[in-house]
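Peer 1: requesting a structural model of the entry that follows:
(chains A and B)
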Protein chains: 2
Amino acid sequence: MKMSVLGLGLIGGSLARRLVAAGHDVTGWDTDRSTRALAGEAGLTVSPDGPGTADVVVLAGPLDALPRLVEEIGGRLAANAVLTDTGSVKGPVLAAARGAGLGRRFVGGHPMAGREVAGFAATDPDLFDGVAWVLGLEDDTSMAGWLRLADLYTGIGARVVPATAAEQDTAVARISHLPHVLAAALAVAADGGTPLAATLAAGSYRDGTRVISGPPDLARTMCAANAVPLTVAVEEVRRLLAGDLDGLLLTGHSARARWPPSTVETQLDASDPDLRRRLQALGRAGGWVSRLAAGRLSVQGPA
Amino acid sequence: MKMSVLGLGLIGGSLARRLVAAGHDVTGWDTDRSTRALAGEAGLTVSPDGPGTADVVVLAGPLDALPRLVEEIGGRLAANAVLTDTGSVKGPVLAAARGAGLGRRFVGGHPMAGREVAGFAATDPDLFDGVAWVLGLEDDTSMAGWLRLADLYTGIGARVVPATAAEQDTAVARISHLPHVLAAALAVAADGGTPLAATLAAGSYRDGTRVISGPPDLARTMCAANAVPLTVAVEEVRRLLAGDLDGLLLTGHSARARWPPSTVETQLDASDPDLRRRLQALGRAGGWVSRLAAGRLSVQGPA
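Peer 2: The predicted structure is shown next:
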């Protein structure tokens, strides 16, 4: 498969390296000259001409640049190309794709992977092993395009999760953006204590603030882009903190103990005329696709 | 030195094993028969007669049992024995010690170490390497007793932090008890989302909820015992969450980036008549004792 990865930071660079290792024909590009140099030294084919003939074009630039990138790239895609991205909020980029007449062939993507470090120097081809990778499946998304990406990403070890942009954005507000806000609040509250508090801060402080130790602009951009569901989640936390703290510790422990929920494997037929609806229901129920082979999808669903 | 460690769970068991490895004469005891069996198999001397002649008696039982234990043990201590504990809240146990006429010889202790697992099976003699270990230094604490413990704990690799019970309890509310409450709130908020949210939960959720994955009774007991300063810290977080979230992400990142603050080494003289005041000021400023040798204390203080 011929691939083009635009943006070679932590996510795009790790993906490009992993796809090359899997034997794909990968061209990468980045607006930053030093990133291109690093990627070239690492053996990637670096060229601005990628999108022209690629079967799959991956936009892996900054979240707030994605809508503009979709519009710029849209007119330069090969006839059969699938367009995807790796941004953590899916609503705005889907709207841009629809606005550019790319609604069918745009399959929004979001790998649930990250580190506190950024840039090509931090890339790791194993970054996606076992991670959940959301692939946007709206009612008008090209099923063939979705399956092409699902095949590609399960092939590099990811668990492919079908979801609409709205479902994914509501979900990540609670499990990704909220943790960033709470980590920031903990860091500020600890900092407002005595110097003794800073000296006594250990594992629970370190883990509770880890996600805010990375570049703050990533967290700020994704939280701003997902402000409505994030605000709902933050208000829920404020209500919880105003209540019985002892009860909260108990229910919090129980909730954590139930995670991750157990699943069982079943199969879907790639030619099932109801495949879209079945995949949407699977993702909504907490399931994912783990493998595509010989016209069958191996899926994990609720036990 | 002859030591007695009463309570051989994660903290007491790890301490007893480490002290044995350091060449001390250590007797341990636990009310739980299977814990005693495990400790015996690991080579500890297990006997209920420990406190009688020990130079240092360490109460490492559950936090809510400490005040009662202090009263029980108090009358059975050798004339010159120092009594300490390992509980995470220092006010109530200090009050019990004073009530039992042990105010001078009780030096409350709190190692900033822990794991999500409990019991002797989880013990690790390296658990205290480099950790901050609070040693309570009130205006009436025996300076000789404090120095005996500071020598012992710096000798097994801990950073010994002088603090009053009130100072330590206010500090740990922010950097230890608050993280447990926020972890619980995050777990409950994530659990209140869709099954999709649970599937997408990854590193930021996992790290943000780690401390609540352990036995909930430890967290509940310490938060209940430190309710007043904890409530102040929780209310501060509620105010932060009601404000500008983008600004919070920025200030949170800055606060995290300043941690841990850098320090410089200086020396104190163990015979300095002002030693108590100097140590109290050191702890208040975020410093600690790293070594005692030849009548000198090597200390780390603010840069």
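Peer 1: only C-alpha atoms from now on, for both contacts and neighbour counts.
Peer 2: Will do.
Peer 1: contact partners for A:E265?
Peer 2: A:298-301 (C-alpha atoms under 8 Å, 6 or more residues apart in numbering or on different chains).
Peer 1: buried ones from the residues you listed, can you make that a ChimeraX selection?
Peer 2: Those of the contacts of A:E265 that count as buried under 16 or more other C-alpha atoms under 10 Å in any protein chain shown are selected in ChimeraX with:
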select /A:298,299,300,301
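Peer 1: sitting in strands, which of the contacts of A:E265 do you find?
Peer 2: Those of these mapping onto strands are A:298-301, per DSSP state E.
Peer 1: about what we covered before: can you add pLDDT and distance to A:V20 and give the contacts of A:E265 back as TSV?
Peer 2: TSV is the format used below for these (pLDDT from 0 to 100; distance: C-alpha to C-alpha, whole Å):
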residue	pLDDT	distance to A:V20
A:S298	98	25
A:V299	98	26
A:Q300	98	27
A:G301	96	31
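Peer 1: distance to A:T45 added to the contacts of A:E265, as TSV?
Peer 2: Output for the contacts of A:E265, formatted as TSV (distance: C-alpha to C-alpha, whole Å):
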residue	distance to A:T45
A:S298	33
A:V299	34
A:Q300	36
A:G301	38
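Peer 1: closest to A:P215 out of the contacts of A:E265?
Peer 2: A:Q300 (34.2 Å; C-alpha to C-alpha).
Peer 1: test my guess that that closest one contacts A:A285.
Peer 2: No: counting by C-alpha atoms under 8 Å, A:A285 is not a contact partner of A:Q300; they are 10.2 Å apart.
Peer 1: strands of the stretch 101-250 of chain A, residue ranges please.
Peer 2: Taking DSSP state E, counting those that start in this stretch as the criterion, the stretch 101-250 of chain A carries its strands at A:106-107, A:109-111, A:132-136, A:159-163.
Peer 1: how about the ones you listed, which one is nearest chain B?
Peer 2: Proximity to chain B, assessed across the strands of the stretch 101-250 of chain A by C-alpha to the nearest C-alpha, is greatest for strand A:132-136 (6.0 Å).
Peer 1: hey, C-alpha coordinates of that closest one in CSV?
Peer 2: Extracted in CSV, the C-alpha atoms of strand A:132-136 (Å, rounded to 0.1, in the frame of the first residue of the first chain):
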residue,chain,number,x,y,z
ALA,A,132,-7.2,1.6,20.9
TRP,A,133,-7.3,3.5,17.6
VAL,A,134,-10.6,5.2,16.9
LEU,A,135,-11.7,5.2,13.2
GLY,A,136,-14.6,7.5,12.5
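Peer 1: can I get the strands of the stretch 101-250 of chain A in JSON lines with mean neighbour count and mean pLDDT?
Peer 2: As requested, the strands of the stretch 101-250 of chain A are exported to JSON lines (neighbours: other C-alpha atoms under 10 Å in any protein chain shown; pLDDT from 0 to 100):
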{"stretch": "strand A:106-107", "mean neighbour count": "29", "mean pLDDT": "98"}
{"stretch": "strand A:109-111", "mean neighbour count": "25", "mean pLDDT": "98"}
{"stretch": "strand A:132-136", "mean neighbour count": "27", "mean pLDDT": "98"}
{"stretch": "strand A:159-163", "mean neighbour count": "29", "mean pLDDT": "98"}
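Peer 1: how about these in TSV, adding distance to chain B?
Peer 2: Below are the strands of the stretch 101-250 of chain A laid out as TSV (distance: least, C-alpha to the nearest C-alpha, whole Å):
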stretch	distance to chain B
strand A:106-107	17
strand A:109-111	9
strand A:132-136	6
strand A:159-163	8
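Peer 1: let's have those in JSON lines, adding distance to B:R210.
Peer 2: Shown next, in JSON lines, are these (distance: least, C-alpha to C-alpha, whole Å):
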{"stretch": "strand A:106-107", "distance to B:R210": "33"}
{"stretch": "strand A:109-111", "distance to B:R210": "22"}
{"stretch": "strand A:132-136", "distance to B:R210": "20"}
{"stretch": "strand A:159-163", "distance to B:R210": "23"}
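Peer 1: looking at those strands, which is nearest to A:L59?
Peer 2: strand A:109-111 (9.4 Å).
Peer 1: would you give the sheet partners of the closest one, along with the direction of each?
Peer 2: When pairing is defined by DSSP bridges, strand A:109-111 lines up against strand A:132-136 (antiparallel).
Peer 1: okay, angle between the partner strand and strand A:159-163 too, please.
Peer 2: Strand A:132-136 and strand A:159-163 are oriented at 40 degrees to each other (axes from the mean of the first three to the mean of the last three C-alpha atoms, to 10 degrees).
Peer 1: neighbouring contacts of strand A:132-136?
Peer 2: A:90, A:107-112, A:146, A:149-150, A:153, A:158-165, A:168, A:288, B:199-200.
Peer 1: same check on stretch A:189-197?
Peer 2: Under C-alpha under 8 Å, 6+ apart, the answer for stretch A:189-197 is A:198, B:167-168, B:171-172, B:174-175, B:233, B:236-237, B:255, B:283-287.
Peer 1: repeat that for 7 Å
Peer 2: With C-alpha atoms under 7 Å, 6 or more residues apart in numbering or on different chains as the contact definition, stretch A:189-197 has outside contacts at A:198, B:171-172, B:174-175, B:233, B:236-237, B:255, B:283-286.
Peer 1: all set, thanks.
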